[in-house]
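Undergrad: Give me a 3D structure for the following:
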Amino acid sequence: ALLCPLFISNKYTLHIIISCFLYACLTLSLNLIIGWSGQFSLGHVCFFGMGAYVTTLLMTNFAVPFLIAWAIGTLFTALIAALLCFPTLKLRGDYIAVVTLGFGEVFRLFLTNAVGITRGPAGIPSVPNANLFGLEFTGKSMYYYFALFLLVVFIVFMKRLNNSGFGMAIMTVNEDDIAATALGLDPRKYK
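TA: You can find the predicted model right below:
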């Protein structure tokens, strides 16, 4: 994987590989929500897009550096997800799916109709290149290595989480709320 950009010079092919790396990260996080915790969320990609839009808007409209904009986008998205989480904690199965799908659809309609903020279907033009610790991402190879790094971090994090007490508690709550409560675990906390 480290040598791939040396042998593939086609920018489109590198773009597809970068997209695969990013979607693999998204899939790993979705596995945490649906696979491990058993929360049937259909709005996961909404939060992925929300973080991307907040980061992009901060970089283009307010000239916020990439790393700070990325951190703010992540925290903002986590806050919105937490606000959505609290009312849905008592829901199960299909009801969670309906609420999260509805939230994702509302967000999509907001992005489409907020032409003054997002330019609607036209998209946001002239997004500045990411600059990380003084290193500006100017070519596809730079983005390739960044996406590969993110994927490796995600894989290591998920592997460690899976083998941790917290990961085991999440899977226990997923299997049986009553048994988890009998073991002293608070299902609401882990959900």
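
Undergrad: For residue 36, which residues are in contact?
TA: Residues in contact with residue 36 (Cβ atoms under 8 Å, 6 or more residues apart in numbering) are 162, 167, 170-171, 174. Every C-beta, even on glycine, is put in place using the N, C-alpha and C of the backbone.

Undergrad: Please identify which helix or strand holds the closest residue in space to residue 44 that isn't next to it in sequence.
TA: Spatial nearest neighbour of residue 44, chain neighbours left out: residue 30 (5.0 Å); criterion: Cβ to Cβ, 6 or more residues apart in numbering. For residue 30, the host element (DSSP states H and E) is helix 11-30.

Undergrad: Just the buried positions in the helix or strand just after that helix, please.
TA: Next helix or strand after helix 11-30 toward the C-terminus (DSSP H and E): helix 44-62. If you call a residue buried by 16 or more other Cβ atoms under 10 Å, then helix 44-62 has these buried ones: 44, 46-48, 50-51, 53-59.

Undergrad: which residues of the chain fall in helices?
TA: 4-7, 11-30, 44-62, 66-88, 94-113, 115-118, 140-162, 165-175, 177-182, 187-190 (DSSP state H).

Undergrad: give the contact list for the nearest residue to residue 50 once chain neighbours are set aside.
TA: The spatially closest residue to residue 50, leaving aside those adjacent along the chain, is residue 77, at 4.8 Å (Cβ to Cβ, 6+ apart). Contact analysis of residue 77 by Cβ under 8 Å, 6+ apart lists 47, 50-51, 54.

Undergrad: Same check on residue 147?
TA: 18, 21-22.

Undergrad: Please report the distance of it from residue 47.
TA: 19 Å (Cβ to Cβ, to the nearest Å).

Undergrad: Check residue 123 too.
TA: 19 Å.

Undergrad: Then residue 132?
TA: For residue 132 relative to residue 47 (Cβ to Cβ), the value is 22 Å.
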